[in-house]
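# Here is the input, now give the coordinates:
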Amino acid sequence: MASAVYGGLRRLLQCPVVVAAAVHQPCAMRRLAPPIGLRFFSRCATRAAAAASTPAEALTMPSAEDSRCVRNLAIVAHVDHGKTSLVDCLLSQSGTMQLQSERVMDNNALEKERGITIFSKCAGIAYRKGDTTYKINLVDTPGHADFGGEVERVLSMVDGVVLLVDANEGVMAQTKYVLGKALARGLKALVVFNKVDRGLGRLEESEIEVLELFSNLGASAAQMDYPSFYASAKMGWVLRSMDGISDPSTITGDMSALFDAVVEHVQPPVADHTAPFRMLVTQIEPNAFLGKCLTGRIAAGVVKVGDTVQALQMDGQTRVSSRVTKIFTRRGLEQVAVDQAYAGDIVTLAGISAGTVNDTIAAPDVTEPLPATPIDPPTIAITVGVNSSPLAGQEGSQLTSNLIADRLARECESNVSLQIERVGAEQMEVKGRGELQLGILLEQMRREGFELGISPPRVLLKDTEDGKQLEPIEEVTIDVDSEHSGMVVDKLSRRKGEMVSFDDVGHNRVKIVFHIPTRGLIGYHRDFKQDTSGGGLLQQCFLEYGRYRGLIQNERKGALVSVGTGDVTAYALESIEPRGKLFVGPGAKAYNGMIVGEHSREEDLEVNPVKGKQLTNIRAVGKDEFVRLTPPLLVSLDWALSYVKDDEMIELTPSSIRLRKRELDPARRRADMRKKKVQK
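Modelled structure (predicted):
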């Protein structure tokens, strides 16, 4: 019955005369999946052997010389909807590679630590259908809105997308964003409802939400006619229909239905092997032995090792001519060297040191570059400079402004969603999509040995021709217990948010959608965790530039500011602790102007955390009383970025994260405070 209703609604929306309105249903409570464990890999291996008529190990990666046997595909979804787990299944069941661990595509150290995909990656899969072996270039994309630039870039390399939707959560903020970008490029989608093994209670609502989303995003009739699949990436199976199935936990199968659909529905690349060679660079991969390696899809022609090529900028200017020293394709995650590559294939070229993202690598006689994908503008900025604290130079090795500028310039080459601008002799302004994206960059630099002084994030405003200001607006989707909804709505409203919807999703949970300025979300995540006792889910995605909504009052309390330099003592902290929360413990280093805690009141308070107990020649009968202190709050980089005020900074070193006042001299700070009061 559910499938019949779903199919009827789809046919209704495809009619050019009739406009269908599907009732938007809320999102059910999110439940975290249990660990996959070793059973996941054994299931994948067993089903792959049973499904393939020819042993998977016997399949060789076909050449892209015949473009009819090539499929270029990206997997897009909201964060934590199961993209990487699905890729694990596809790699294992195709026999392309043997998995030694889970989430093999997330091979970066930060990705493993945080459990999210940060960088887009490409894998090659060989799949046999009948007598033909197909080469599937599969691109895994990030699911977090801050890394949307990665998604925008790779969509220029593919001819179709797999839209993965959690059957229990339905459409989320990033689902709208990634699908909108794919539809705008004219790509068709295969919709996979994942995690149906957890139950079918909300599957029909999720189907209607996806159908409504396609309609709202202006999908064409051909794009509306998308095939739907039902999967459990954890269990390793996908089905074309759930009709007659009441208990998904009993389902057994494999991923062959999805493989067949990719071959059937994703169009092969349009390739002209006789035209001059052209390739648009979408990624840069550094290599310790080969130098800069450029990854992209060959738009036309053939390239061979030893060919002379040129790098064309977007304005048609030639950077420099180079010789191709290596050509790599992929089998699984492994790079395989080949002598030549053909139009329609995704390859990596070495030897072209001057090329960068959005450049066109082409034959010497080509004068017109390929059109580059426009990237959404950044919405937030920070100032990064040399560490100027009294403890500078004691923990890091990369200290000078030139080293910082060179590192940021290299990052800007490979990450086109970032913008870098020098604002002083020792400072650089870094513009990005959000606090998480900037935090990832700073964490990478920290691990490379840099010492940095970082300003608070600020929102980038736009001025219109009539003199009005526009600011970035985010769409925030919140899934929270009903008892905490009142406090969430109150705080977001005070931060200039406008509530769009409030829906009861059952199980004592509600789904709330707000449109709120980006600056209203700075510093709110820490309050959200406290207000919801850690049980709420908040997802945000850039919506548009809208009218400036006025001043937002900062609700943060004052700081406990050190007026002494040295090692922090337990004796001093014992008298400071009743005044607020501590950020440092005994033995930590402190200096004049460093923030050692949060005051319990709105104003700042100067304290001396390095004061020691005065020694006398009087001997006591008993021992000194043991000092008991509450453990200090652990300061993380993400938390610090959302915490600091305009007159404060973050000191970031390889081993420490400290907060400090921008002006370290207490006399000057008091003078500045008096000037501000007079101006008010």
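# List the buried residues of stretch 127-142.
For stretch 127-142, burial by neighbour count (16 or more other CB atoms under 10 Å) applies to Tyr127, Arg128, Tyr134, Lys135, Ile136, Asn137, Leu138, Val139, Asp140, Thr141, Pro142. Where C-beta positions appear, they are placed from N, C-alpha and C, glycine not excepted.
# Likewise for stretch 284-304?
284-285, 292-303.
# out of the buried residues of stretch 127-142, which are inside helices?
Among the buried residues of stretch 127-142, none falls in helices (DSSP state H).
# in the protein, which ranges drop under the pLDDT threshold?
Where the chain drops to pLDDT under 70, the residues are 1-65, 95-108, 200-201, 244, 246, 249-250, 616-625, 679-680.
# longest strand of it?
strand 469-481 (DSSP state E).
# helices or strands next to it in the packing?
Where contact means 3 or more CB pairs under 8 Å, 6 or more residues apart in numbering; DSSP states H and E, strand 469-481 is packed against helix 173-184, strand 462-463, helix 482-494, strand 509-517, helix 518-521, strand 537-547.
# That one: which residues count as buried?
Buried-residue list, strand 469-481, by 16+ other CB under 10 Å: Glu471, Pro472, Ile473, Glu474, Glu475, Val476, Thr477, Ile478, Asp479, Val480, Asp481.
# what do you get for stretch 391-411?
Neighbour-count burial for stretch 391-411 [16+ other CB under 10 Å]: Leu391, Gly396, Gln398, Leu399, Ser401, Leu403, Ile404, Ala405, Arg407, Leu408.
# Out of those residues, which comes closest to Tyr524?
Leu408 (27.6 Å; CB to CB).
# re the thing from before, want to throw the buried residues of stretch 284-304 into a markdown table with secondary structure and distance to Leu155?
Output for these, formatted as a markdown table (DSSP: H, G, I helix; E, B strand; the rest coil; distance: CB to CB, whole Å):
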| residue | secondary structure | distance to Leu155 |
| --- | --- | --- |
| Ile284 | strand | 17 |
| Glu285 | strand | 19 |
| Lys292 | strand | 23 |
| Cys293 | strand | 21 |
| Leu294 | strand | 18 |
| Thr295 | strand | 14 |
| Gly296 | strand | 13 |
| Arg297 | strand | 11 |
| Ile298 | strand | 17 |
| Ala299 | strand | 14 |
| Ala300 | strand | 19 |
| Gly301 | coil | 22 |
| Val302 | strand | 24 |
| Val303 | strand | 23 |
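# Closest to Ala337 out of the residues you listed?
Nearest member of the buried residues of stretch 284-304 to Ala337, counting by CB to CB, is Cys293, at 11.7 Å.
# rewinding a little: among the buried residues of stretch 127-142, which pair sits farthest apart?
Arg128 and Pro142 (30.7 Å).
# what bridges to the residue lying closest to Thr464 once chain neighbours are set aside?
The shortest distance from Thr464 to any non-neighbouring residue, by CB to CB, 6 or more residues apart in numbering, is to Leu470 (6.3 Å). Counting by DSSP bridges, Leu470 is bridged to Lys462, Arg547.
# gap between Leu470 and Gly546?
6 Å (CB to CB, to the nearest Å).
# Same question for Val302.
Distance of Val302 to Gly546, computed by CB to CB: 49 Å.
# Could you do Gly566 as well?
On the measure of CB to CB, Gly566 and Gly546 end up 50 Å apart.
# Repeat that for Gly396.
Gly396 is 41 Å from Gly546, by CB to CB.
# quick revisit: so which of the buried residues of stretch 127-142 sit within strands?
Tyr127, Arg128, Tyr134, Lys135, Ile136, Asn137, Leu138, Val139, Asp140.
# from those residues, which is closest to Ile346?
Asn137 (4.5 Å).
# Let's have the helices and strands packed on strand 469-481 in CSV, adding distance to Asp166 and mean neighbour count.
What follows is the helices and strands packed on strand 469-481, written out as CSV (distance: least, CB to CB, whole Å; neighbours: other CB atoms under 10 Å):
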stretch, distance to Asp166, mean neighbour count
helix 173-184, 9, 21
strand 462-463, 34, 11
helix 482-494, 21, 16
strand 509-517, 13, 22
helix 518-521, 23, 22
strand 537-547, 12, 18
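# and the ones you listed as a markdown table, adding distance to Leu73?
As requested, the helices and strands packed on strand 469-481 are exported to a markdown table (distance: least, CB to CB, whole Å):
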| stretch | distance to Leu73 |
| --- | --- |
| helix 173-184 | 11 |
| strand 462-463 | 36 |
| helix 482-494 | 38 |
| strand 509-517 | 31 |
| helix 518-521 | 32 |
| strand 537-547 | 23 |
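# all helices of the stretch 151-300 of the chain, in order?
Secondary structure of the stretch 151-300 of the chain, counting by DSSP state H, counting those that start in this stretch: helices at 173-184, 203-216, 221-224, 256-265.
# For Ala572, list the residues it contacts.
With contacts defined as CB atoms under 8 Å, 6 or more residues apart in numbering, the neighbours of Ala572 are Val607, Asn608, Pro609, Val610, Lys611, Gly612.
# In those, which residue is surrounded by the most others?
Across the contacts of Ala572, neighbour numbers were computed from other CB atoms under 10 Å; Pro609 holds the maximum, 28 neighbours.
# which residues does that residue contact?
So Pro609 contacts Ser562, Gly564, Val568, Thr569, Ala572, Leu573, Ile576, Val584, Ala590, Val596 (CB under 8 Å, 6+ apart).
# Quick check, Glu577 in contact with Pro631.
No - with contact defined as CB atoms under 8 Å, Glu577 does not reach Pro631; the gap is 10.9 Å.
# So for these two, which sits in the more crowded spot?
Comparing Glu577 with Pro631 by neighbour count (other CB under 10 Å), the higher total belongs to Glu577, at 17 against 7.
# sec struct for that one, please.
helix (DSSP: H, G, I helix; E, B strand; the rest coil).
# so what's it up against?
By CB under 8 Å, 6+ apart, the neighbours of Glu577 are Leu629, Thr630.
# again, but for Asn137
Here Asn137 is in contact with 70-73, 122-125, 157-158, 330, 345-346 (criterion: CB under 8 Å, 6+ apart).
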